[in-house]
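A.B. asks: Here is a sequence together with a model predicted from it:
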There are 2 protein chains.
Amino acid sequence: MMLPDAEIQHLDNIVNRGKPMDKGDMLFSAGQSMISIFAIRTGCIKTYTVSPEGDEQITGFHLPGEIVGLDAINSERHPSFAKAMTTSMICEIPYQKLDDLTAVMPGLRRQMVKIMSQEIMEEQKLLLLLNRKNANERLAAFLLNLSARYGKQGFSSSRFNLVMTRNEIGNYLGLALETVSRLMSRFHEDGLIRVQNREIDILDFDALYELAGIPCHKD
Amino acid sequence: MMLPDAEIQHLDNIVNRGKPMDKGDMLFSAGQSMISIFAIRTGCIKTYTVSPEGDEQITGFHLPGEIVGLDAINSERHPSFAKAMTTSMICEIPYQKLDDLTAVMPGLRRQMVKIMSQEIMEEQKLLLLLNRKNANERLAAFLLNLSARYGKQGFSSSRFNLVMTRNEIGNYLGLALETVSRLMSRFHEDGLIRVQNREIDILDFDALYELAGIPCHKD
DNA sequence: CGTCTGATTGACAAATTTCAAATGTAGTGG
DNA sequence: CCACTACATTTGAAATTTGTCAATCAGACG
């Protein structure tokens, strides 16, 4: 979820800025009562739920500018976990204060609702991806999604480092880690990407878009 | 998304109540600008997206008390379609008026945010279901979910009619319609349910819960 | 009565997972 | 700096699940 700079300004008064987190630190855990939501400044946060049997399901990899914890507003308890995947800087936004602010700032209120609406929309797109696409298409879409998000932040969209393991990618995409590894190798062989461990170069955007089922020109 | 009766009262002043819809009627289509969101009084509404290639992906079957159209707030355009699966009564809630109301009614504002938060949470649960569960578990969870929602409305939770086809169930759960059909037959043979066409009797809740991966007593 | 759509069932094919083993990488402490 | 350990990745082969294709059946409705 992106928060425009203008709105971030307004929030600056209430947020606890500059909360540094080390790799592996938890922002929150499922079951905890929800005090704050969190905006990511730098780094990467993964959110995940755990099923009754104990399976972990990653629900998102969150990059700077995005908000986590919105799923907790309903029950006032976090239904999910959030863990830093790398050293990260986090803004903590006390929810009570935010709610108070929205009463007097219509722009902030609308922005808040928009951010949540966008999250619903994003999850619907993920649903489509997982339900209607095969392994190739999922991984292609995943790489392009990461690429676009890095690009939006001013980083290179064609060359970046994966902060997550193959296992985590597979978990997120509903694939076995071996399948992810195989497809990475396959994409590499086919000249779509260059991959060495966590380092990714995207060589052929068009082909990847094609694969992901997002035709550019003519389908 | 459930809206408590108390809040529905507050809304009564602005909603256009009693919009009747026939089976097959559209509430809205993707691309339309979003004027209103909709609360379902009676009947059943399906929402779905369509991928660039034209595949349809059902994102939800919505029963009375639930709200549809929340995914449109962000872009002010509907990203999805909503179609009546049966004759239905719908409340149309003009979004502009609702937004104005939230400024002066803190309770309504919080409720609105909660409903959206809950929708995010529900979609995360669906994600878990689709990503980590096999066909058996998905169908079991689907039937139990329907059962619980019917029960919440005062209908029988052990006997109900499916409003959707096998094809639609499969689409929603990411399964081929033949797989759904086979599993229905299997569940029937195994004494978990009695099924004849669209009519379902749930005979063994415990076993279904077990299958769905929601242990009741001891796992 | 015939037609249409939805449902069922079987046989086969394809995609993906699982199991297994080998290899690579990074971090730790001597 | 090296050896050691733990963890991540790659790759192959076999097994399994689910999808696809095809035929048939059942009920609804004009």
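C.D. replies: Yes, it's here.

A.B. asks: Which strand or helix spans residue A:169?
C.D. replies: For residue A:169, the host element (DSSP states H and E) is helix A:166-173.

A.B. asks: any idea which helix or strand comes after that helix?
C.D. replies: With elements assigned by DSSP H and E, the helix or strand that comes after helix A:166-173 is helix A:177-189.

A.B. asks: Just checking, which helix or strand succeeds that next one along the chain?
C.D. replies: Moving toward the C-terminus from helix A:177-189, the first helix or strand encountered (DSSP H and E) is strand A:193-196.

A.B. asks: Partner strands of that next one, with direction?
C.D. replies: Strand A:193-196 has its sheet partners listed here by DSSP bridges as strand A:199-202 (antiparallel).

A.B. asks: Contacts for the strand it pairs with, please.
C.D. replies: Strand A:199-202 is contacted from outside by A:143-144, A:147, A:157-162, A:192-195, A:208, using C-beta atoms under 8 Å, 6 or more residues apart in numbering or on different chains. The C-beta positions use only the backbone N, C-alpha and C, and glycine is treated the same way.

A.B. asks: Now it: buried residues?
C.D. replies: The neighbour-count check on strand A:199-202 (16 or more other C-beta atoms under 10 Å in any protein chain shown) flags A:200, A:202 as buried.

A.B. asks: then it to PDB, C-alphas only?
C.D. replies: What follows is strand A:199-202, C-alpha atoms only, in PDB (Å, rounded to 0.1, in the frame of the first residue of the first chain):
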ATOM      1  CA  GLU A 199      20.700 -11.600  -7.500                       C
ATOM      2  CA  ILE A 200      18.300 -11.100 -10.400                       C
ATOM      3  CA  ASP A 201      18.800  -9.400 -13.700                       C
ATOM      4  CA  ILE A 202      15.700  -9.100 -15.800                       C
END
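
A.B. asks: which residues in chain A form helices?
C.D. replies: With DSSP state H, the ranges of helices along chain A come out as A:5-11, A:95-104, A:106-132, A:135-152, A:166-173, A:177-189, A:205-212.

A.B. asks: Let me know the average pLDDT across stretch A:134-143.
C.D. replies: Confidence for stretch A:134-143, expressed as mean pLDDT, is 97.

A.B. asks: again with stretch A:104-121
C.D. replies: In this model, stretch A:104-121 carries a mean pLDDT of 92.

A.B. asks: Next one: it, is it in contact with chain B?
C.D. replies: Yes. Part of stretch A:104-121 sits near chain B under the criterion C-beta under 8 Å from any C-beta of the partner chain, namely A:106, A:109-110, A:112-121.

A.B. asks: in that stretch, what counts as buried?
C.D. replies: A:105, A:108-109, A:111-121.

A.B. asks: and if you look at stretch A:77-93?
C.D. replies: Buried, per 16+ other C-beta under 10 Å, within stretch A:77-93: A:78-85, A:88-93.
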